[in-house]
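# okay, predicted coordinates and the sequence, questions at the end:
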Amino acid sequence: MGTITGKKVAVLATNGFEDSELTSPWQALEGAGAVPTMVSPKPDAVTGKNGHEQDVDMLAREASAADFDALVLPGGVVNADHLRMDADSVSFVRDFFEQHKPVGVICHGAWILAEADVLRGRTLTSYPSLQTDLKNAGAAWVDEEVVVDSGLVSSRTPDDLPAFNSKVIEEVGEGKHTDQTT
């Protein structure tokens, strides 16, 4: 595993994110030396479903995957639903796959991956209610704590955060994955 000190990791979310699914990976990444950046279609700040406020560092329409080493997508039903309806956010996510960069996604966050059309032939997990959507987008869905598929790290719920954070850090350290593609 390579080092992640100084690696830039975009965290893409909007209002309604699952608080712990943003704060826990953020803290884990910082603790490992990475530099997380809050990217959102909304300016100023976003608020989680339980009240955590996070300042927005960059708007999705201005963000470029080329400027980051990896991407983290927190869950939250409202967050995930709004992100998949934002063309700039969907394009931003797709670009990480086209550039073969690691992506971590948890819970409902996987909805945007279906919208970005990056799941064909991939194996992942999510909150169980998404399994039909993800299968219809071409993925193999499994019910496991954490799944790693060529740079794509996925988990189901906040209960899985310790395993998710560990694997995200590992994949960010490994860097680009040639099989991480659309």
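Nice, thanks for sending it over. Numbers count the residues shown, from 1 in each chain.

# drop to CA atoms for contacts and neighbour counts, all remaining ones
OK.

# quick check: closest non-adjacent residue to the residue sitting nearest the centre point of the chain.
Averaging the C-alpha coordinates of the chain gives a centre point, and the residue nearest to it by CA atoms, centre = their mean is residue 73 (2.3 Å). Spatial nearest neighbour of residue 73, chain neighbours left out: residue 105 (4.6 Å); criterion: CA to CA, 6 or more residues apart in numbering.

# on that earlier part again, for the residue nearest to the centre of the chain, what are its contacts?
11, 12, 13, 22, 103, 104, 105, 106, 109, 110 (CA atoms under 8 Å, 6 or more residues apart in numbering).

# want to throw those into CSV with pLDDT and neighbour count?
CSV is the format used below for the contacts of residue 73 (pLDDT from 0 to 100; neighbours: other CA atoms under 10 Å):
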residue, pLDDT, neighbour count
11, 98, 22
12, 98, 28
13, 98, 31
22, 98, 24
103, 98, 27
104, 98, 27
105, 98, 27
106, 98, 29
109, 97, 33
110, 97, 30
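
# among those residues, name the ones in strands.
Counting by DSSP state E, the contacts of residue 73 place 11, 12, 103, 104, 105, 106 in strands.

# please report how far the fifth one lies from residue 142.
Relative to residue 142, residue 105 is positioned 14 Å away (criterion: CA to CA, to the nearest Å).

# helices of this protein, residue ranges please.
19-31, 77-84, 87-98, 111-115, 131-136, 161-174 (DSSP state H).

# these: which one's closest to residue 7?
helix 161-174 (7.8 Å; CA to CA).

# and that closest one, what does it pack against?
helix 19-31, strand 103-106, strand 146-149, strand 152-155 (3 or more CA pairs under 8 Å, 6 or more residues apart in numbering; DSSP states H and E).

# send the alpha carbons of that helix over as PDB?
Listed next in PDB are the C-alpha coordinates belonging to helix 161-174 (Å, rounded to 0.1, in the frame of the first residue of the first chain):
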ATOM      1  CA  LEU A 161     -17.700   2.500   8.500                       C
ATOM      2  CA  PRO A 162     -14.600   1.000  10.200                       C
ATOM      3  CA  ALA A 163     -14.100  -1.500   7.400                       C
ATOM      4  CA  PHE A 164     -15.100   1.000   4.700                       C
ATOM      5  CA  ASN A 165     -12.700   3.600   6.000                       C
ATOM      6  CA  SER A 166      -9.800   1.100   6.100                       C
ATOM      7  CA  LYS A 167     -10.400  -0.100   2.500                       C
ATOM      8  CA  VAL A 168     -10.900   3.500   1.200                       C
ATOM      9  CA  ILE A 169      -7.500   4.400   2.700                       C
ATOM     10  CA  GLU A 170      -5.900   1.300   1.200                       C
ATOM     11  CA  GLU A 171      -7.300   2.000  -2.300                       C
ATOM     12  CA  VAL A 172      -6.300   5.600  -2.200                       C
ATOM     13  CA  GLY A 173      -2.800   4.500  -1.300                       C
ATOM     14  CA  GLU A 174      -2.700   2.100  -4.200                       C
END
